[in-house]
Each structure stands twice: as structure tokens, then as C-alpha cells.
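Asker: Give the three-dimensional model of this entry:
(one chain, ligands or ions: 1)
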Amino acid sequence: MATRPPIHPGVRVMDSHTEGEPTRVVIEGGPDLGGGTMKERASRFEQYHDDFRRWLMLEPRGYDYLVGALICPPTQKHQAAGVLFFNNVGLLGMCGHGTIGVAVTLSQLGRIGPGWHSLDTPVGEVRIECLNDHQVAITNVPSWRYRKGVVLEIPGYGQVIGDIAWGGNWFFLTEQSPCPIELPFLASLTSFAQDIREQLEKHAITGDSGELIDHIEITGPSARHTHGARNFVLCPGGAYDRSPCGTGTSAKLACLAAEGKLEPGQSWFQESVIGSCFEASYQRLDGQRILPRIMGSAYVYSEATFTTHHADPFQGGIYGLNHA
Ligand code: PYC
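Answerer: Model prediction:
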């Protein structure tokens, strides 16, 4: 049990959930990451402010399925803000549900109004359209399917075939589920997805520049005839996404587009394992690249100021649960 000096007194946050998945937006008192691109700021955050991430994301102040968002000054004049997303194990490239949460939080604070805005992220600019006080459509970063039909041998399950796609994070997507994609099967879904992740790492199967594939998406049919599919998404820190996962839905759209199973502009209703839904569609870019649009709702449910008692032995967060 390590004792650390008190860090970050008086950090103000607003918590919301997007289709069930929470986003904690730092609205005051977060680290100043200086100028430069969002990639440069992300690497400064990783290098010098990982304590802040752990302090805010890990228990007892946070929990494993929480996503944090640090709002930074925009990198270009036309943008409303820059944003960094992070969780219990590190930074995320992009976060779809988190972007919707940020948009609703910023509009509740009066920092943005209805209509279109741009946000910068370490993986590119995303556009947001605030449709009303809780509903937002995001135009994500260009997404694409990188590899089709990757075959994995998963001990205890046999051959599992899936695609690798980019949707702002790297995903392995499979339609082979060992059980129904329903809440009573969360433990089996989690363990299956973790095994897939392990095999990807073991066999050095990566994104197109050697990146870790840290999101696993298992898709199955939805019971609702209007919905394209129901999914279970394992996030990098071992928790499952309560929302249908914005970047995961983008990766799914890229696979559907590459297969010719969904036309540009056609709506795809992506259901999560808890039954919430994103409405998605895409525009075609060059080659296999598409521009996804994801629409969902977020609701602010808490505003808090975090502080630390100097004698609190867990002021750095509780390590060794299911995070690095
Ligand atoms: O919505 O993109 C998303 C996301 C990523 C991790 C959790 N949610």
C-alpha cells in the first residue's frame, strides 16, 4: 500500500451516461497539457499525468467501466475543444459514447449551443451535431476494415473467425458467440473475449502499424427486427461497454460496407448487450474507408468536486484489481 503526496485537490467533474456507458468530463482543475497537436498532448498526458488518470479513474473515485474525458483548448480556430479520452488502463484513441457524453455536458454548461461543432482528438477531428439537450450525432474519424476472415484457435472453443477494423480504436469483430448476447451470459462473453485478445497478442496479430487490438466485439442477432445486430464489446481494461460502443459501431459499419451488406446512407441500428441502441450510417470515402455517423443520447446525472485527504492511503487509486 503506497502512500503518495496529495494530488489534484478540487477537480470538478460532470458524469453522464450514454446509452448506459458513463463518461466523466473534467470541467475544472485538470492538468494543463500545453500546446501542440492532440497526439503531442496525449503523449504528455501519458508521460507526466498518469497519476491523474489513476486518481480519477480507479477505485475508490472511479471504477473499471468509467471513461474519462479531459477537455483541452482547441488546436484549430474552428474547433470547440480538444478532448482526450482515458480509462482504468490508459488512453483511448477515440470514444464514441464519450464524445456524445462530452457534447451533452458542454451544452449543459452552455459552452456549446445546438447544431454542429468540431472536437479534436489524438486520432483526428470528429464533428458533433447537438440535436437537442440529450441527443447527439457524431461524425467519427475515417474507419476501415483492415483484415477479413482472420482465423484464431481459441483453446476450449476451437476456430474463431473475425475481421480486424479501425473505428478510432482497433477492433477484432466476430459473429461467433459461444452463448446468447444477453446479460445473464456476461461472464462467459467476457472470458471468451479475453481469450480472443490473448490469442491476438500471442500471435502478434495487430492493427496496420503494429498497434495492439485492444477492443473485442462479439456480434449476434437482435430480437428486434428493426435492429441490425446486438453486440458485446470488451474494453481494454477488462470491462464491457454498456453502450453499443461508438468506435465499435464504426468498425462494424466498415466491415458491413466492405462486405457490401450496408449501403451508404442506410441506417444500421446497433444494439448493446444491455439493449440500448445507436443509430448509425456512413458515407463512402476512398477505397475501403468510410465516414461513420453515430447517433445516441446522453444524460448528465452528477456534478462533483473530488479532493484527497493527505492521509488517504489510496489517494493514488487502488491498484491490482483488473487494471495495469
Ligand atoms: O463508445 O467508442 C466507444 C467506446 C470505447 C470504449 C468504451 N466506449
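
Asker: For this protein, which segments count as helices?
Answerer: Secondary structure of the chain by DSSP state H: the helices cover 38-48, 50-57, 96-108, 186-202, 246-259.

Asker: So which residues on the stretch 101-250 of the chain come close to the ligand?
Answerer: Within reach of the ligand by C-beta under 6 Å from any ligand atom, the stretch 101-250 of the chain has these residues: 235, 241, 243, 245-247. Where you see a C-beta, it was placed from the backbone N, CA and C, and this is true even at glycine.

Asker: Among these, which pair sits farthest apart?
Answerer: The largest separation in those, counting by C-beta to C-beta, is between C235 and G246 at 12.2 Å.

Asker: between the two, who's got more neighbours?
Answerer: Taking neighbours as other C-beta atoms under 10 Å, C235 and G246 compare with G246 leading, 32 against 24.

Asker: Go ahead and confirm the more buried one touches R293.
Answerer: No - in this structure, G246 is not within contact of R293 by C-beta atoms under 8 Å, at 10.3 Å.

Asker: before we move on, back to that, lowest mean pLDDT across the helices of the chain, which one is that?
Answerer: Mean pLDDT values for these show the minimum at helix 50-57, a mean of 94.

Asker: what separates G287 from I274, distance-wise?
Answerer: With the distance defined as C-beta to C-beta, to the nearest Å, G287 ends up 35 Å from I274.

Asker: Tell me which of the two has more neighbours.
Answerer: Neighbour tally, G287 and I274, criterion other C-beta under 10 Å: the higher count belongs to I274, 18 against 8.

Asker: what's the average pLDDT for stretch 299-316?
Answerer: So the average pLDDT for stretch 299-316 ends up being 91.

Asker: Could you do stretch 10-27 as well?
Answerer: Stretch 10-27 comes out at a mean pLDDT of 97.

Asker: Can you give me the buried ones in that stretch?
Answerer: 11, 13-27 (16 or more other C-beta atoms under 10 Å).

Asker: Next, report how far it is displaced from the centre of its chain.
Answerer: Offset of stretch 10-27 from its chain centre (C-alpha atoms, centre = their mean, to the nearest Å): 13 Å.

Asker: For the longest strand along the chain, name the packing helices and strands.
Answerer: Assignment by DSSP state E gives strand 290-306 as the longest strand of the chain. Packing partners of strand 290-306 (3 or more C-beta pairs under 8 Å, 6 or more residues apart in numbering; DSSP states H and E): strand 11-18, helix 96-108, strand 135-139, helix 246-259, strand 277-284.

Asker: quick check, distance from the shortest one to the centre of its chain.
Answerer: If I follow you right, that is strand 135-139. That offset, for strand 135-139, works out to 15 Å (C-alpha atoms, centre = their mean).

Asker: what's in contact with that strand?
Answerer: 96, 99-100, 103-104, 126-131, 246, 291-298 (C-beta atoms under 8 Å, 6 or more residues apart in numbering).

Asker: Just the buried residues of these.
Answerer: Using 16+ other C-beta under 10 Å, the buried ones in the contacts of strand 135-139 are 96, 99-100, 103-104, 126-130, 246, 291-298.

Asker: Spatially central residue for the chain, please.
Answerer: C95 (3.4 Å; C-alpha atoms, centre = their mean).

Asker: these two touch, right, that residue and F85?
Answerer: Yes - assessed by C-beta under 8 Å, C95 is found in contact with F85 at 4.0 Å.

Asker: Now do the shared contacts for these two.
Answerer: Counting by C-beta under 8 Å, 6+ apart, the residues touching both C95 and F85 are 67, 69.

Asker: Look at P264 and say how many residues are nearby.
Answerer: P264, neighbours per other C-beta under 10 Å, totals 13.

Asker: Please name the nearest non-neighbouring residue to it.
Answerer: R284 (4.9 Å; C-beta to C-beta, 6 or more residues apart in numbering).

Asker: do the same with V89
Answerer: Here the residue nearest V89, using C-beta to C-beta, 6+ apart, is G237, at 4.2 Å.

Asker: So what's the residue count around that neighbour?
Answerer: Using other C-beta under 10 Å as the criterion, G237 is surrounded by 21 other residues.

Asker: so how far is G68 from it?
Answerer: With distances taken as C-beta to C-beta, G237 is found 12 Å from G68.

Asker: what touches both of those two?
Answerer: Listed as contacting both G237 and G68 by C-beta under 8 Å, 6+ apart are N87.

Asker: Does V150 have any beta-bridge partners, and if so which?
Answerer: For V150, the beta-bridge partners are G162 (DSSP bridges).

Asker: Tally up the residues packed near it, please.
Answerer: V150: 18 neighbours (other C-beta under 10 Å).
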